[in-house]
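Student: one predicted model, sequence on top.
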Number of protein chains: 2
Amino acid sequence: MSEPSSRPRRRPAKRDRYHHGDLRTALIQTAIDVVEERGMPAFSMAEASRRLGVAVAAPYRHFVDREALLAAVAGRAAELLVERLDRDVTSGSPAQRLAAATRGYVRFAADHHALFQTLVASGLNKTRHLELHRAGQQIGAVFLSPAFELLGGDHTAAAQLTAAIVASAHGHAVLLLDDCPGPDQQSVEAAAQHAAQATTALILGREALLGPTPKAMTASNP
Amino acid sequence: MSEPSSRPRRRPAKRDRYHHGDLRTALIQTAIDVVEERGMPAFSMAEASRRLGVAVAAPYRHFVDREALLAAVAGRAAELLVERLDRDVTSGSPAQRLAAATRGYVRFAADHHALFQTLVASGLNKTRHLELHRAGQQIGAVFLSPAFELLGGDHTAAAQLTAAIVASAHGHAVLLLDDCPGPDQQSVEAAAQHAAQATTALILGREALLGPTPKAMTASNP
DNA sequence: GTCTATATATCGATAGAC
DNA sequence: GTCTATCGATATATAGAC
């Protein structure tokens, strides 16, 4: 606070800045890094800029505000999760595929726990950024397809079973992360296995899921 | 910045400040209010002080830092949740009590969603504040007792079933809150009902939970 | 046990030059 | 498309008076 006026440049050895057009992509990746390291609430535009060596104003050319960048991160997380699930759910009986998807879900949450947190617990989703709503549906679809096959084409029952399985898988994942932010490979595998077993149990006991016991429809489903 | 020296007091009509000894309690309640209104990440010591009309330094007499106060909030949340579950799980068959506990769990999450969030997703738990670890066990105990009874005293099986049910209930609760931060009564009841049905399904299909299929122990359990 | 005052830090976001 | 510079808010936490 009183430098006369000489000394035109501040930063040392930074003559080549960031003038290529990939700042947008780089911002998303850097945001992922920051979120993975310090958690989503601690992410800031300022820190992202700092890490990339750009001015704090630069990101605002690509994202209208902090939330927009986080939404992009969540979108990327959804892509990765769906990829992962699709990879894990290639073959086997419908029940086996549902169990495999459950395992994949829990493993993804553990392997990318901050990304996962951004995807599901951003607190600022679904409404403002509909892209995330669609992402949620895509994830559900991975479970829905085998459930549909398992239940011989009953849309309603498949939707109910899917909802229960996804909720269970999600619960296992969240509790795993909540208990230990950095779970070791062994506890991850144990949790994934438990979640898969719960999925199988839900399939076995699926008749309890049918119908919220409304007035009509007393006894007609097999 | 340049008031001469007269005018000894600033704040109008605040002659009686907060000199009773309940600031600690008041802080916890105010923190709950703030968290309920704006979410846990947005909570700050400064705002709590402001709402209580005390200086920003005052809270630090009672809580070493922000995290300590939030931990107290989480502890209170756990108390409330256990009370709620105990109230909901008084009578009925073991299976009915497990379903009732599940419903209570989801309803509590919806009715006190920010408190619930503080309890389970504070991100800074379990390790630094062991009180919260105990709280988690108390919550599990509400489910464990009927499960134990249901399974005729099999500790291991009861623990496995409890874990699956709690995870499922938790997943239903979290997904409900994530989809709609302010869910209406109807969707809360629907979610609670679905969660209870999932619990029943897990009970029905509980044989799938037994044993992570280790080498030994091939076929001996009923 | 609470206050005043302050040090220190960081953030989001914008204006305007280049 | 990026930079410089900055405004305005808000935060945590401490020191020392009362």
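Tutor: It's in.

Student: and the lowest-mean-pLDDT helix or strand in chain A with helix B:113-121, angle?
Tutor: Here the helix or strand of chain A ranked lowest by mean pLDDT, DSSP states H and E is helix A:113-121, holding a mean of 88. Per axes from the mean of the first three to the mean of the last three CA atoms, to 10 degrees, the angle that helix A:113-121 makes with helix B:113-121 is 160 degrees.

Student: my guess is residue A:23 contacts residue A:52, does it?
Tutor: Yes - here residue A:23 reaches residue A:52: they are 7.2 Å apart, a contact under CB atoms under 8 Å. Just so you know, the C-beta spots here come from the backbone N, C-alpha and C atoms, and that holds for glycine as well.

Student: list residues touching both of those two?
Tutor: residue A:58 (CB atoms under 8 Å, 6 or more residues apart in numbering or on different chains).

Student: now the one helix or strand residue A:27 maps to: buried residues?
Tutor: Secondary structure assigned from DSSP states H and E places residue A:27 in helix A:23-38. Within helix A:23-38, the residues scored as buried using 16 or more other CB atoms under 10 Å in any protein chain shown are A:23, A:26-28, A:30-32, A:34-36.

Student: next, the angle helix A:113-121 makes with that helix.
Tutor: Going by the same axes, to 10 degrees, helix A:23-38 makes 100 degrees with helix A:113-121.

Student: what does helix A:23-38 contact?
Tutor: Under CB under 8 Å, 6+ apart, the answer for helix A:23-38 is A:18, A:42-44, A:47-48, A:51-52, A:54, A:58-59, A:61-63, A:69-70, A:72-73, A:76, A:112-115, A:117-118.

Student: so which of the residues you listed are also by DNA strand C?
Tutor: A:43-44, A:47 (CB under 7 Å from any atom of the strand).

Student: drop anything exposed from the contacts of helix A:23-38.
Tutor: Looks like the contacts of helix A:23-38 have A:43, A:47-48, A:52, A:54, A:58-59, A:62-63, A:69-70, A:72-73, A:76, A:112-115, A:117-118 buried, using 16+ other CB under 10 Å.

Student: now, which of those lie close to DNA strand D?
Tutor: Among the buried ones among the contacts of helix A:23-38, DNA strand D is touched by A:54, A:58, A:62 when using CB under 7 Å from any atom of the strand.

Student: my read: the second one touches residue A:49, true?
Tutor: Yes - checked against CB under 8 Å, the pair residue A:58 and residue A:49 is within contact range at 6.1 Å.

Student: ignoring the adjacent residues along the chain, who's closest to residue A:86?
Tutor: Nearest non-adjacent residue to residue A:86, counting by CB to CB, 6 or more residues apart in numbering or on different chains: residue A:142, 6.5 Å away.

Student: could you do residue A:206 as well?
Tutor: Nearest to residue A:206 is residue A:161, by CB to CB, 6+ apart, at 5.4 Å.

Student: checking the one you found next. Helix, strand or coil?
Tutor: helix (DSSP: H, G, I helix; E, B strand; the rest coil).

Student: quick one on the thing from earlier: and of the ones next to DNA strand D among the buried ones among the contacts of helix A:23-38, the nearest to chain B?
Tutor: Using CB to the nearest CB, residue A:62 is the member of those that sits closest to chain B, with 24.1 Å.

Student: residues from chain A in reach of DNA strand C?
Tutor: Residues of chain A lying near DNA strand C (CB under 7 Å from any atom of the strand): A:43-47, A:56-57, A:60, A:65-66.

Student: restricted to strands, list those.
Tutor: Counting by DSSP state E, no part of the residues of chain A next to DNA strand C is found in strands.

Student: nearest to residue B:96, out of these: which one, please.
Tutor: Within the residues of chain A next to DNA strand C, the smallest distance to residue B:96 is 44.9 Å, found for residue A:43 (CB to CB).
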